[in-house]
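[1] Have a look at this prediction, sequence included:
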Amino acid sequence: MMDGETSWVSHCNDDTARNIDEFESFSELSDEGNQAASAVSMDLILPDDLLERILACLPVASIFRAGSVCKRWHELVSSSRFLWNLSQVQSQKPWYFMFTSSDEPGGYAYDPTLKKWHNVGLPCIKTSNWFKASSCGLVSFMDNDSRSELHVCNPISGRSRKLAEPPGLKFSDYSALAMSTSRVSNCYQISIVKSKQVPGNFVKWDLSIHLYDSETRMWATSSSEVFTGWRAGDESVICDGILYFLIYSTGGGSLENRHGLVPYDLSGRSSHGLLIKNFIPVPCPLTCGRLMNLKENLVMVGGIGKQDRPDIIKGIGIWMLKGREWQEIARMPHKCFQGFGELDDVFASSGMDDLIYIQSYGSSMLLLYDMNQKQWKWSLKCPVTKRFPLQLFTGFSFEPRLEIAP
């Protein structure tokens, strides 16, 4: 292991719905791992309820270390009452999970609070090219072959649930996965936007929207439409009850208008007419767009195309949707853009809360943008190394939470 890397091992008790039965070693590769021992004297003066509230304010990784200080602390952080205390604490900064291989599901998660990479094993997922969506500590995975196998898990606790097979086309040409979880009830909703070319027609595409409700544990097809000259892709997100998904021109138009955005109101499950009539243009010619939910605001990170060659990237911008208009938040400084080396026209980007991650598919370098501080910064070097020239890197962000279960 490399310096700054953490080994993460946790075990869950599947017989209890809301209790994590056992935490095991969360050891640091530095001298910090033994510093918690000096705090054991607090054990003599603090009652359980006060100590639980203090421990609940720690970063997730520090909670695991605290559980190994002594028997009492281990029992405290394993109790259902402690998990309830965690649910009352303000959400933590999102982590970024980076896959080590395009064939294997293993990888490392970057913790921006401790500025460390943790070795985290993901349950359910079999290869890194599965679709991913996350919300409030839960992550949903969908296979990239039949697109009919779905799981929801908590990457921190390792608890997971397999969902029923979604309706609609089993082998769609394009699929977009999104997820929204309630912080109050912990119930979640999953959406899949499927798009398939109409046989024998190069212009028309069948598009359908399918929704899963964790309370009923059932799927429903809420919308179906034929798009002309446009198709959906693999980008979608749910913000404040609205499903947004990017659509892509299938030809016949100019390169400047290759992308668009379509909103769909999940509350009424009705688009009040044709979906395409709600079309929102993108702010400028894009090489690609990545959608994310930041505090229930729709944010898009996009590759900005050159004026004479809009399909060639010249920079990266960040925009927030206000009503039907885009507000520019930031543009990546040229020195950061150059820091990726040879950046492809498409790239990986995700985020939540106030933090955005941007990663080149051809490199393990990870760039962060803090919306509050309006600051760009690089993460600590990732333990993932490039083993061959055409190796691809990808990842996703998620909120680290111990208490939530699928």
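    Cool, got the structure.
[2] Leaving out chain neighbours, which residue sits closest to T113?
    Sequence neighbours aside, P59 is the residue nearest to T113 in space, at 4.7 Å (criterion: C-beta to C-beta, 6 or more residues apart in numbering). C-betas here are computed from N, CA, C, even on glycine.
[3] burial count for the one you found?
    Other residues lying near P59 total 16 when counted by other C-beta atoms under 10 Å.
[4] same thing with S180?
    Neighbours of S180 under the rule other C-beta under 10 Å: 23.
[5] and it, bridged to which residues?
    Under DSSP bridges, the beta-bridge partners of S180 are Q189.
[6] If I follow the layout properly, it ends up in contact with S236?
    No - using C-beta atoms under 8 Å, S180 is not in contact with S236; the gap is 11.0 Å.
[7] can you give me the helices for the chain?
    Residue ranges of the helices in the chain, as given by DSSP state H, are 48-56, 60-66, 71-77, 80-87, 334-339.
[8] any chance of those in CSV, with mean pLDDT and mean neighbour count too?
    CSV is the format used below for the helices of the chain (pLDDT from 0 to 100; neighbours: other C-beta atoms under 10 Å):
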stretch, mean pLDDT, mean neighbour count
helix 48-56, 82, 16
helix 60-66, 82, 21
helix 71-77, 82, 17
helix 80-87, 80, 18
helix 334-339, 89, 13
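[9] Nearest to Y188, out of the ones you listed?
    The closest of the helices of the chain to Y188 is helix 80-87. By C-beta to C-beta, the value is 14.9 Å.
[10] Span of stretch 344-364 from start to end?
    13 Å (C-alpha to C-alpha, to the nearest Å).
[11] For it, give the mean pLDDT please.
    The average pLDDT within stretch 344-364 is 91.
[12] List the buried residues for that stretch?
    For stretch 344-364, the buried set under the neighbour-count rule, 16 or more other C-beta atoms under 10 Å, comprises 347-353, 355-360, 362-364.
[13] T127: what's it in contact with?
    By C-beta atoms under 8 Å, 6 or more residues apart in numbering, T127 lies in contact with 102-105, 144.
[14] whoops, K194 was the one
    Residues in contact with K194 (C-beta under 8 Å, 6+ apart) are 147, 168-169, 172, 174-175, 206-210, 232.
[15] G302 too?
    282-284, 286-290, 316-319.
[16] Distance of L211 relative to F64?
    35 Å (C-beta to C-beta, to the nearest Å).
[17] quick one: low-confidence parts of the protein?
    Residues of the chain meeting the criterion pLDDT under 70: 1-44, 102, 252-256, 269-273, 342-343.
[18] what number of residues lie near T287?
    24.
[19] tally of neighbours for K115?
    Number of residues near K115 (other C-beta under 10 Å) recorded here: 11.
[20] Likewise for P199?
    7.
[21] measure it to W205 for me?
    P199 sits 11 Å away from W205, going by C-beta to C-beta.
[22] Using PDB, list the CA coordinates for stretch 323-332.
    Presented in PDB, the C-alpha positions along stretch 323-332 are these (Å, rounded to 0.1, in the frame of the first residue of the first chain):
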ATOM      1  CA  GLY A 323     -35.500  28.300 -14.100                       C
ATOM      2  CA  ARG A 324     -34.900  27.600 -17.800                       C
ATOM      3  CA  GLU A 325     -31.700  29.700 -18.000                       C
ATOM      4  CA  TRP A 326     -28.100  28.600 -17.300                       C
ATOM      5  CA  GLN A 327     -25.900  30.600 -15.000                       C
ATOM      6  CA  GLU A 328     -22.200  30.200 -15.400                       C
ATOM      7  CA  ILE A 329     -20.500  29.300 -12.100                       C
ATOM      8  CA  ALA A 330     -16.900  28.800 -13.000                       C
ATOM      9  CA  ARG A 331     -14.400  27.900 -15.800                       C
ATOM     10  CA  MET A 332     -11.500  25.600 -15.200                       C
END
